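K.L.:
Structure here, sequence nowhere to be found:
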């Protein structure tokens, strides 16, 4: 496999995850305590798939430094998303808006760096 193709595929998966994340953020800031579970799980699945593909591309085939930095930011965003899910969403508690914002900013920045590298 070509690392460029893997980066492009990961970017597409992450773009769909970002769309779901945007919808969830809009719902939260519009007053919903938390998004529907199917949307949160789909978002996480797409993001984890894209991140896994990025890590495979990086370790198996190599990728540009900027893509590695973006991947690192996406790992931090994934940790934040996992925290949001386990500490709040799963317990049916309102998602804290500051954590939602930080999660989103990390993810958007990481995505942009990966996108510019692909």
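P.N.:
Good, I have the coordinates. The shown structure was predicted, so the numbers you read here are calculated from the model rather than taken from an experiment. Residues are numbered from 1 along each chain as shown.
K.L.:
hey, let's count contacts and neighbours off CA atoms from now on
P.N.:
Fine.
K.L.:
Tell me where the longest helix sits in this protein.
P.N.:
Across the chain, the longest stretch assigned as helix under DSSP state H is helix 3-29.
K.L.:
on contacts alone, who are the packing partners of that one?
P.N.:
Counting by 3 or more CA pairs under 8 Å, 6 or more residues apart in numbering; DSSP states H and E, the packing neighbours recorded for helix 3-29 are helix 37-56, helix 97-117.
K.L.:
if we go to 7 Å?
P.N.:
Where contact means 3 or more CA pairs under 7 Å, 6 or more residues apart in numbering; DSSP states H and E, helix 3-29 is packed against helix 37-56.
K.L.:
Check which helices and strands the helix it packs on sits against.
P.N.:
Helix 37-56 is packed against helix 3-29, with contacts defined by 3+ CA pairs under 7 Å, 6+ apart.
K.L.:
what's around residue 41, how many residues?
P.N.:
By the criterion of other CA atoms under 10 Å, residue 41 has 14 neighbours.
K.L.:
If you count neighbours, what's buried in the longest helix of the chain?
P.N.:
Counting neighbours by 16 or more other CA atoms under 10 Å, one finds that the buried residues in helix 3-29 are 3-4, 6-11, 13-18, 20-21, 24-25, 28.
K.L.:
for stretch 58-68, same thing?
P.N.:
By 16+ other CA under 10 Å, the buried positions in stretch 58-68 come out as 58, 62-63, 66-68.
K.L.:
Can you give me the end-to-end span of that stretch?
P.N.:
From the first residue to the last, stretch 58-68 extends over 7 Å; the measure is CA to CA, to the nearest Å.
K.L.:
what angle sits between the host helix or strand of residue 79 and helix 97-117?
P.N.:
If you go by DSSP states H and E, residue 79 is part of helix 65-84. An angle of 150 degrees separates the directions of helix 65-84 and helix 97-117 when computed by axes from the mean of the first three to the mean of the last three CA atoms, to 10 degrees.
K.L.:
who touches the residue nearest the centre of the chain in this structure?
P.N.:
Averaging the C-alpha coordinates of the chain gives a centre point, and the residue nearest to it by CA atoms, centre = their mean is residue 47 (4.4 Å). With contact taken as CA atoms under 7 Å, 6 or more residues apart in numbering, residue 47 is in contact with 13-14, 17.
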